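Visitor: Provide a 3D model corresponding to the input given below.
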Amino acid sequence: MKSCWLKLLVLLPLAWWLACCGMSALSPTFDLGLPTADAADQPAVDASAIDFEKQIQPLFAKHCVDCHKADKDESGFRLDLGHLAIKGGDRGVAIVPGKSGESILFQALIGKGDVTSMPYEKPRLPAADIELIKKWIDSGAKVPASDAAGAVVKSNHWSFQPIRRRAVSGQKSEARGQQSPIDAFVRVRLEREGLAPSPEADRSTLIRRLSLDLLGLLPTADDVREFVNDKEPDAYERLVDRLLASPAYGERHGRHWLDIARYADSNGFTIDSARQVWKYREWVINAINADLPFDQFTVEQLAGDLLPNATTEQLVATGFHRNTLVNEEGGTDQEQFRVEAVVDRVSTTGAAWLGLTIGCAQCHSHKFDPISQRDFYKVFAVFNHCDEPSVPVPSADQLAEQKRLDTEVAVAEKPLKELDAELLKGLPDWERSVASQSEGGWTILDPTVWKTDKGATLTKIDGTTLLVDFSTPANDVYTITFDPPADAPITAIRLETLNHASLPMMGPGRAEGNFVLSEFEVLAGEVSLPIAKAIADHSQDGYPVSDAIDGKPKTGWAINVKPNSGEMLNVPREAVFFPKEPIVAKPGTKLIVKMHQLHSVPNYLVGCFRISVSGASADVLSVPASIKKIVATPADKRSKQQVEQLQTAFKNTDPRRKPLAEKLDGLKKQLDALNKAIPTTLVMKAKAEPRPTHIMIRGDFLRKGAAVEPGVPDVLPAIHLSQDIDAKQRTASARLEFAKWLCSPDNPLTARVTVNRAWQAFFGTGLVPTENDFGTQGDPPTHPELLDWLASEFMADWSLKRLHRLIVTSATYRQASHMQPELRERDPTNKLLARQSRLRLEAELVRDVCLSASGLLTRHLGGPGVNPPQPEGIYIVTQQKKPWAESTGLDRYRRGMYTYFWRSSPYPMLPTFDAPDANGTCTRRNRSNTPLQALTLANDRSFHEFAVGLADRIMSFGPLPSVSDSDDARLWQAVELCYSRAPSDLELRKLREFLNAQRTAFAADPKDKDPTKSAWVAVARVLLNLDEFITRE
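Guide: Numbers count the residues shown, from 1 in each chain. Okay, here's the model as predicted:
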């Protein structure tokens, strides 16, 4: 690139000189370095006879395709195929048929305009070759139809074709004797392979499988017995319907969607601050429980804010795309990370709804699928026009309380407003009265003795002022002694807090200008004098000056100001304290002032001050100096804030106002506390001014290429944006139209991807094994007709519950999971579906089934994240320590999906069992089987608590009619509880032997106060640690 700039520096002076000489600086035979040749010396070329494959493509192959081909498309531009050459790259269309002068390709070949001369850093093409390319362009730049064969093959890929509902054969389900379309499609394939389906699983296995698949919880022993003994032909269907109606269904299948949504409770990156977005998780659970149609489920998450009269819940739904990471590191370019968030939204949307790796086209056109870089940025443009606010989400109770308080506030405001209107009529007379008053006869006292309790050093400056030095303690009490004025009653004592250059931020307090005066005490000699009231020219919210005379050391007067209020913190402030009775000091009696500063927050001490006294009337003294200053200011020179301060001071002189104002203030404080308690959540909203979107050359947000409008990949059916509105409105509405397009009948992908993911949830693997890649590099469907039949069925009403019911009531789902030797050899991964799959439970479900077995499970739906016990030291390696106050009570035993998830340091049990890190979308979790998992089940504090809970439950079991021994009866019921089946004789014997051995061992331990319970806890730990317990058969 450097050499290109050097060439330009050499050519620019030459071009200027040629222009001055009246010569064209763009002459192709002189200044551009083309070989000089007369047109007469060149063989004539018949433009109509130019053969692209024989004459043009060899030139591109020789000079261009090293940099412009499938695996290396510089600037998003390819010349290995003619139709792609014409399409262009990041800078737009490269070849304009019939117009070589407007074609970027030709301009690059001759070095014209602002394009880089090509071939890059190589000799220019011979003039004859350039002329040939020019004439090919001018003659229409024709390429043979076969040139686009590769694109045709890709666009004919199975997943891009319309969904075709195939006729279902007459196969019937042997289990129910009625038509089962799923089974019909599956058995056709099995018969073709010469295989037969496995028999139906036994009933105890079926109810455990269903309960785990639909609810993520164990069935109760009563439920198992009831189903096993139910001989009615519709017993299974009734069980399915009951489980689908359970609130736990939304939690189980909401967890699948939250993986796709990359849900977490923190921002990510190294700082990884907490965020509040749990209301989105709650919305997902409720939407799935309510069976919100999937098309509406889609629209509300991607564009709920754009719906007419959007509700709060529809705004909450847009939290789907607020689950992106946020980088809070200092010095970061926020635009860069905003762009990265939009890139993530594009990639996640492609994976979640289209099953395509659209993100691969961010920097260049997709290497394998017909998705160009322009396609990527068309979808990018859909999500590039969003603001990212948070909104309050009150509960129904909070809304009702808000309404009540709003009404009461309105009622309380009415008499106060009426009184204020009446009072303000007398404001001019009051101003004249204040203006005529003297300063109140304040006498500044000269301190004679001063001391402190905790070691602060006071120094007298300016004769009467005391300054506190910089080595102050955390708290202190200043005691200052004065000689009072002789024979003069004291009706008020004034404390002036002052600025000084030695104080932090000039004071007057030592805490960046602030202080907290806990108590202001006045004594005549050794007699403490009661203070009737106190006023101040300013008090911090929550720290009124009256708190300095309430006798409570942990309250006090402070002077901080509200942000953006226009008030200044670091200015002198004053408070006036009125004794209950005028002070008349006897001769020789000292006046003592004690300033207690004992607030729980350290270092909030007064830094510079002086004391004055006055014998004037309270009416005169009650007007603060700051108000007198405003009165002295001409009315037309007063600021709006000064006018409000003056009116408030005057209105507060009327005693009728105080109870009305206090009542209103109390109601407003209640309303403010309520509003602060209302949770907020992150949402998306349309930006007032849409951002322009450009192709980002090589994915670099600083290198802008051609402008693009919102759209969808060309290989898919077009999105139809309204042409009846202007471009700005069209861009703003594109996100809503895109969301609707995803679930339109024309789009063949969304329904296929969604039903495939549902199949994956119940069989471990989808009908398309590569559930996140329906492109040319993904696996084809194992049962294409079944996939399309399910997709068309799903699109009829977009009901997930009906789809799930359709799958789990099929005979295919109900098969036993045992692998016959023939299947192990011919179909080890169960692609042919001749059996059910045996699956390890997901991380959260491992916790859930343990809670379920132990009887500790809290069945509360929704709510914020919780903090179950975890090992110490988890946050040592994080940049910022994370708060983790262990939950107590019912919150301690909530389902795993509610565990607070820090991206940089997740709850350790979750990744141990393969939970995703939430840094990107996850469409299928890994399933592993490691020693660390067994060690977690055996030794983690939480699982020990679960074992204790299970032991308590086992010990509460009563006798069984068929089992005489009480221990055997308990063991029998414990196995039934954990595994939904009866124990074998061998299992019962082994467990009995283990129980007795543990009893003996614990009885020999003098520290064990309850060896019997300890033995049962040991049995419980064994039951929770068996592979069968965390496996779905």
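
Visitor: Buried residues, the longest helix belonging to the chain. List them.
Guide: Looking across the chain with DSSP state H, the single longest helix is helix 396-424. Of all the residues in helix 396-424, those buried under the rule 16 or more other Cβ atoms under 10 Å are 398, 401-402, 405, 408, 412, 416, 419-420, 423. C-beta coordinates here come from the backbone N, C-alpha and C atoms, glycine included.

Visitor: is it true that Ile358 touches Val346?
Guide: Yes - taking contacts as Cβ atoms under 8 Å, Ile358 lies within contact range of Val346: 5.9 Å.

Visitor: just to revisit the earlier point, C-terminal to the longest helix of the chain, which secondary structure element comes first?
Guide: helix 427-436 (DSSP states H and E).

Visitor: what about that next one, average pLDDT?
Guide: Averaging pLDDT along helix 427-436 yields 83.

Visitor: contact partners of the helix or strand following it?
Guide: Sequence order places strand 443-444 as the next helix or strand after helix 427-436, per DSSP H and E. Defining contact as Cβ atoms under 8 Å, 6 or more residues apart in numbering, one finds that strand 443-444 is touched by 464, 485, 610-614.

Visitor: Strand 443-444 pairs with which strands, parallel or anti?
Guide: Sheet pairing of strand 443-444 (DSSP bridges) gives strand 608-614 (antiparallel).

Visitor: Which positions within stretch 910-925 qualify as buried?
Guide: Buried residues in stretch 910-925, defined by neighbour count with 16+ other Cβ under 10 Å: 910, 912-916, 918, 921-924.

Visitor: chain center to it, what's the gap?
Guide: The chain centre lies 16 Å from the centre of stretch 910-925; the measure is Cα atoms, centre = their mean, to the nearest Å.

Visitor: residues making contact with it?
Guide: Residues from elsewhere that reach stretch 910-925 (Cβ under 8 Å, 6+ apart): 259-264, 268, 323, 325, 344, 347-348, 351-352, 757, 760, 771-772, 841-844, 846, 896, 899, 901, 903, 906, 926-928, 930, 932-933, 936.

Visitor: Could you do stretch 343-350 as well?
Guide: 260-262, 302, 321, 324-325, 356-359, 362, 376, 379-380, 383, 920-921.

Visitor: are any of those residues buried, and which?
Guide: 260-262, 302, 321, 324-325, 356-359, 362, 376, 379-380, 383, 921.

Visitor: From these, which land in helices?
Guide: Per DSSP H, the buried ones among the contacts of stretch 343-350 map to helices at 260, 302, 376, 379-380, 383.

Visitor: In helices, which of the buried residues of stretch 910-925 appear?
Guide: Among these, the ones falling in helices (DSSP H) are 910, 912.

Visitor: Kindly reformat the buried residues of stretch 910-925 as TSV containing pLDDT.
Guide: Converted to TSV, these look like this (pLDDT from 0 to 100):
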residue	pLDDT
Leu910	97
Thr912	96
Phe913	97
Asp914	97
Ala915	97
Pro916	97
Ala918	96
Thr921	96
Cys922	97
Thr923	96
Arg924	96
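
Visitor: What is the nearest of the buried residues of stretch 910-925 to Pro634?
Guide: Using Cβ to Cβ, Ala918 comes nearest to Pro634 of these, at 62.7 Å.
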